[in-house]
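A.B. asks: predicted model follows, preceded by the sequence.
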Amino acid sequence: MNTIRVIIADDERLPREYLKQLIVAYSNVELLCECKTGLETVNAIFSHQPDLVFLDIQMPDLNGFEVIEEIKKEMKMPFIVFTTAYEQFALKAFEVSATDYLLKPFTEERFREAVNRTLDLLEKNKLSETNAAIEALLKLYNQSKPEKQIEVYPARILIKANRKMLFVDVADIYWLEASGDYIKVHLKSNYYLINDSLNNFEKTLDPEIFIRVHRSYIVNAKFIKEFKPYFNGEYILLLANGREVKLSRSYKDIIKKLSGKEL
């Protein structure tokens, strides 16, 4: 068969080195790159579109399951061989028979079994079957996550820009603007588009910091510098970067909330 193209994703150096040594034995397996974080992995998969990923479950930024969630939104999934040091994933979650998994520390023989099984699946073009297994695995993972006891607002959000994923600190967002099926996330001097509704995204933001001032705008209160009267009871909010955002009449009470004064 043709050469299969592989990415290694693991935050620990020794497992990466071990996998690289094992891969060398296969003349028909090409190592494209190695990744240390979930975000690196997502971007590497977007860029290289590998056939196979050795994917660690526990990684910084995004864990292995979150990497899959991001990838499957944008492209056809590669084959996945999970690597994990946690036996509960092997005993429970992998009952769904995803492509394969390697329970650390794994032997060379166990590695060969996983690679040969993947090669066989690739030859038989059974990606759809393994994708169904991965979907079942994600379902098990999501069901096993503990319910939130308290409301926790994210400190950063994941955004796709120019076929890459990046994190944006929520504290750096000046305002958000509804734009059709998207939201413009405005920073100091640029913006990014995310595919979401303003009403839905508002639920993830701290209402003490991000204030709804218009059906199409949410503003970070710390960046509001001035209220300027406009027409028909509306106001213009001058932000710290010099940009202006309209505050509609129906949200006029926000001014009292922010300043403690009636206008």
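C.D. replies: Right, received. Where do you want to start?

A.B. asks: burial count for D206?
C.D. replies: Here the number of neighbours of D206 (other Cβ atoms under 10 Å) works out to 13. In short, each C-beta sits where N, CA and C put it, glycine included.

A.B. asks: no wait, A9
C.D. replies: Neighbour tally, A9, other Cβ under 10 Å: 27.

A.B. asks: how would you label Y192: helix, strand or coil?
C.D. replies: Put simply, Y192 is strand when judged by DSSP: H, G, I helix; E, B strand; the rest coil.

A.B. asks: model confidence for it, exactly?
C.D. replies: For Y192, the pLDDT comes out at 93.

A.B. asks: can you give me every residue that contacts it?
C.D. replies: I159, A161, V168, K184, V185 (Cβ atoms under 8 Å, 6 or more residues apart in numbering).

A.B. asks: and which of those residues is nearest to I80?
C.D. replies: Nearest to I80 among those: I159, at 23.9 Å, using Cβ to Cβ.

A.B. asks: so what's the closest one closest to, chain neighbours aside?
C.D. replies: Closest residue to I159 apart from its sequence neighbours, by Cβ to Cβ, 6 or more residues apart in numbering: Y192 at 4.7 Å.

A.B. asks: may I have the beta-bridge partners of that neighbour?
C.D. replies: Here Y192 shows beta-bridge partners V185, assigned using DSSP bridges.

A.B. asks: so how far is K228 from it?
C.D. replies: 27 Å (Cβ to Cβ, to the nearest Å).

A.B. asks: and the helices in the stretch 1-150 of the chain?
C.D. replies: 13-23, 38-48, 64-74, 87-91, 108-123, 127-144 (DSSP state H, counting those that start in this stretch).

A.B. asks: point out the most buried one among the ones you listed.
C.D. replies: Among those, the stretch with the highest mean neighbour count (mean count of other Cβ atoms under 10 Å) is helix 38-48, at a mean of 21.

A.B. asks: how far off helix 64-74 does that one point, in degrees?
C.D. replies: Following axes from the mean of the first three to the mean of the last three Cα atoms, to 10 degrees, one obtains 30 degrees for the angle between helix 38-48 and helix 64-74.

A.B. asks: so which elements touch helix 38-48?
C.D. replies: On a contact count with 3 or more Cβ pairs under 8 Å, 6 or more residues apart in numbering; DSSP states H and E, helix 38-48 meets strand 4-9, strand 29-35, strand 52-56, helix 64-74, strand 164-169.

A.B. asks: list the buried residues in the second one.
C.D. replies: For strand 29-35, the buried set under the neighbour-count rule, 16 or more other Cβ atoms under 10 Å, comprises V29, L31, L32, C33, E34, C35.

A.B. asks: for the helices and strands packed on helix 38-48, could you give me JSON lines that also reports mean pLDDT and distance to I45?
C.D. replies: JSON lines is the format used below for the helices and strands packed on helix 38-48 (pLDDT from 0 to 100; distance: least, Cβ to Cβ, whole Å):
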{"stretch": "strand 4-9", "mean pLDDT": "93", "distance to I45": "7"}
{"stretch": "strand 29-35", "mean pLDDT": "94", "distance to I45": "9"}
{"stretch": "strand 52-56", "mean pLDDT": "91", "distance to I45": "7"}
{"stretch": "helix 64-74", "mean pLDDT": "86", "distance to I45": "6"}
{"stretch": "strand 164-169", "mean pLDDT": "91", "distance to I45": "10"}
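
A.B. asks: what's the closest of the ones you listed to I134?
C.D. replies: So among the helices and strands packed on helix 38-48, helix 64-74 is nearest, using Cβ to Cβ, at 6.3 Å.
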